[in-house]
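**Student:** can't give you the sequence, but here's the structure:
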């Protein structure tokens, strides 16, 4: 938190986990407008502060002094973005890494559970829901359509147990635009947090992916695990998220050992599995 004095002393959030639900929803709207090119970077910085302080910019008389004060406050924040200096410009990179569900309930719609307390993770997300959400996320990253965003809301706010039938019970029109966007950024942040778990490096950081990329393109993994003998397809779909990820990890490690036993060189194994030699070295040596 940053201590700020504006008529009265305020504690201003400076980390994702310090935001309350309302602040997160407003900030999601500000980020979406910037990523869509609706606002420029200077405007975005002001909108970020307004979102966190719950200031209604459209209702304020925006004077030069007020704009400058909001801009100066934004300079004290070191989230939610990072600036990279390029030769002729500055590039904005969003650092969205979140380890909890920020909107547990929207109106009468209960969302998925995801919390981390004392190193223990609790989640209601099952493997099929995770894979479906990633598939929709991938589509939304390219089309940014309202229809795709609505589908993401349906997947992540599906009543338990997760099923295609229960998905249809969710009414996205009861969510505001900012709430829908917050659903997207919340899950995007969770994907990034999970990706950074060292244990899962083999399944989230392939040789051709750039650091920070979210784990996309896993739609066929449920069938792959079933075909490999890890269980009946229907049961694999119902597995909790981290049991599913552990199986994916086990499958990858088994593939490394299998290719090694076939006499392939480390470089050949890495190429076949789209990994680096450094990633597989400890498994080859064991």
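**Tutor:** Right, received. Where do you want to start? Because the structure is a prediction, the values reported are computed rather than measured. Residues are numbered from 1 along each chain as shown.

**Student:** Low-confidence regions, the stretch 1-150 of the chain specifically.
**Tutor:** 1-8, 10, 57-63 (pLDDT under 70).

**Student:** where do the strands sit along it?
**Tutor:** For the stretch 1-150 of the chain, strands defined by DSSP state E, counting those that start in this stretch occupy the ranges 2-6, 8-12, 81-85, 90-94, 105-106, 109-110, 114-117, 120-123.

**Student:** so which of the ones you listed is the most packed in?
**Tutor:** Burial of the strands of the stretch 1-150 of the chain is given as mean neighbour count (mean count of other CB atoms under 10 Å); strand 109-110 ranks first at a mean of 19. Any C-beta I mention is one placed from the backbone N, CA and C, and that applies to glycine too.

**Student:** Looking at residue 206 now. What's its pLDDT?
**Tutor:** Note for residue 206: predicted pLDDT of 75.

**Student:** That one: neighbouring residues, count only.
**Tutor:** 15 (other CB atoms under 10 Å).

**Student:** what's the answer for residue 171, then?
**Tutor:** 14.

**Student:** The residue lying closest to it once chain neighbours are set aside and residue 166, how far apart?
**Tutor:** Distance criterion CB to CB, 6 or more residues apart in numbering; nearest residue to residue 171, sequence neighbours excluded, is residue 109 at 7.6 Å. Applying CB to CB, to the nearest Å, the value for residue 109 to residue 166 is 12 Å.

**Student:** follow-up on the earlier one: okay, the strands of the stretch 1-150 of the chain in a markdown table with distance to residue 72 next?
**Tutor:** Putting these into a markdown table (distance: least, CB to CB, whole Å) gives the following:
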| stretch | distance to residue 72 |
| --- | --- |
| strand 2-6 | 10 |
| strand 8-12 | 12 |
| strand 81-85 | 16 |
| strand 90-94 | 18 |
| strand 105-106 | 34 |
| strand 109-110 | 39 |
| strand 114-117 | 34 |
| strand 120-123 | 38 |
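
**Student:** which one of these lies closest to residue 273?
**Tutor:** Closest to residue 273 of those is strand 120-123 (CB to CB; 26.7 Å).

**Student:** who does that closest one pair up with?
**Tutor:** strand 114-117 (antiparallel) (DSSP bridges).

**Student:** Would you mind confirming that residue 225 is in contact with residue 249?
**Tutor:** No - using CB atoms under 8 Å, residue 225 makes no contact with residue 249, being 11.2 Å away.

**Student:** Of those two, which one has the most company?
**Tutor:** When residue 225 and residue 249 are compared for neighbours, residue 225 comes out ahead with 21 against 16, by other CB under 10 Å.

**Student:** How far away from the center of its chain is the helix or strand hosting the more buried one?
**Tutor:** Residue 225 belongs to helix 221-227 when assigned by DSSP states H and E. Put simply, helix 221-227 sits 24 Å off its chain's centre (CA atoms, centre = their mean, to the nearest Å).

**Student:** Could you report the distance from residue 162 to residue 221?
**Tutor:** Distance from residue 162 to residue 221, by CB to CB: 16 Å.
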